[in-house]
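Undergrad: Dropping the sequence and predicted coords here.
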Amino acid sequence: MINKQVPIGDPGRTHAILAKYGLTSKKSLGQNFLTAPTILQDIAQTANLSSADDVLEIGPGIGSLTEQLAQNAHQVLALEIDQRLLPVLKETLATYTNVKVLNQDVLKSDLATLIRQNFDGQHAIKVVANLPYYITTPILLRLLESGVAFSQIVVMMQREVADRVAAAPGSKIYGSLSIAIQYQMAVKLALTVPKTAFMPQPKVDSAIVSLTRRQNKINIAADEQLFTRVVKGSFAQRRKSLWNNLLALFGKTAATKEALTAVLKQVDIDPGVRAERLSVTDFVRLTNAIGDNPNL
């Protein structure tokens, strides 16, 4: 008999739940069960959850983090891709009336519609999740491109990816992912989580990252699709100069070269600089100037 008073994330209870249902982690889904109740509590606290918040969770697993979210938030919607875990979640979360679990893949879901259908629209929307390592980046970009104004996103991810998300201009790990996220969100590395906190243990440490929506985006790209295109194109070949990457993106005709020369002069950016030296603001200025030039 599983003791309902013991946190789901307690190592002993996690083992008991997995044994009861004959479950093992699916490597193909990047499953690693977090068995450290204090860290689970830290994740919920990092999100500053209260009854004023509705929460979207991605990959609840056996409900270890979901339990902490349900105890602090108004409503929790959890998306679980693994059908094997649905009966487990039905049992472990049975006492929480503010939790709804859907068997859905976040990368194939219409998040805006899900939010509208399952939340009342009267509460702040936050995302709190322990993300699978192998699809962390696609999930983050999916969340940012969903059209949902998440007030905060608190996620656990591979430490290496967390460092890329938080990287500053000039760093070797600063790139299009850093810019895509920092354009919309303020990034904070909240906590490093050792691999020993998981079962089975991953090969690397993790980090809890807090992304908070910028309330006043002073630097706004007039055309955000063009902004994304310019950023990705500028990092297409990291070792090449901004000039060479922009030529590869827009073409190498005489008219294009003349237009790009004028644009870079207008925004006072050295054509020979590498993309990793430019700030988010620099890329916004560059994008807006390109968008205003009829020859590009």
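TA: Sure thing, it's come through. Numbers count the residues shown, from 1 in each chain.

Undergrad: In this protein, which residue is most central in space?
TA: Among the residues of the chain, the one closest to the centroid is residue 140, at 2.9 Å (C-alpha atoms, centre = their mean).

Undergrad: any idea of the pLDDT on it?
TA: You'll see residue 140 listed with a pLDDT of 97.

Undergrad: I'd like the numbering to begin with 34 instead of 1 from here.
TA: Got it, first residue is 34 now, which makes that one residue 173.

Undergrad: For it, which residues are in contact?
TA: By C-beta atoms under 8 Å, 6 or more residues apart in numbering, residue 173 lies in contact with 164, 186, 188, 198, 210, 214. For glycine as for every other residue, the C-beta is placed from the backbone atoms N, C-alpha and C.

Undergrad: Also residue 153?
TA: Counting by C-beta under 8 Å, 6+ apart, residue 153 has contacts 87, 108.

Undergrad: Show me the strands in the chain, by range?
TA: Taking DSSP state E as the criterion, the chain contains strands spanning 66-67, 86-91, 108-112, 132-135, 157-163, 185-191, 218-226, 231-232, 239-246.

Undergrad: out of those, nearest to residue 278?
TA: Among those, the nearest to residue 278 by C-beta to C-beta is strand 218-226 (24.5 Å).

Undergrad: in this protein, which spans are helices?
TA: With DSSP state H as the criterion, the chain has helices at 44-54, 70-79, 97-105, 119-125, 144-151, 169-178, 192-199, 209-217, 257-267, 275-283, 287-299, 313-325.

Undergrad: Quick check: which helices or strands does the shortest one pack against?
TA: I take that to be helix 119-125. helix 44-54, strand 132-135 (3 or more C-beta pairs under 8 Å, 6 or more residues apart in numbering; DSSP states H and E).

Undergrad: If you count neighbours, what's buried in that helix?
TA: 121, 122, 125 (16 or more other C-beta atoms under 10 Å).

Undergrad: residues in contact with residue 270?
TA: Residues near residue 270 by C-beta under 8 Å, 6+ apart: 277, 278, 281.

Undergrad: burial count for the first one?
TA: As a burial measure, the neighbour count of residue 277 was computed by other C-beta atoms under 10 Å and equals 17.

Undergrad: That one and residue 304, how far apart?
TA: Distance, residue 277 to residue 304, by C-beta to C-beta, to the nearest Å: 9 Å.

Undergrad: before we move on, the earlier item: closest one to residue 240 among the helices of the chain?
TA: Minimum separation from residue 240 across the helices of the chain (C-beta to C-beta) falls at helix 192-199, 3.7 Å.

Undergrad: got the angle for that closest one vs strand 185-191?
TA: Interaxial angle, helix 192-199 versus strand 185-191 (axes from the mean of the first three to the mean of the last three C-alpha atoms, to 10 degrees): 140 degrees.

Undergrad: Off-centre distance for helix 192-199?
TA: In terms of C-alpha atoms, centre = their mean, to the nearest Å, the gap separating the centre of helix 192-199 from the centre of its chain is 11 Å.
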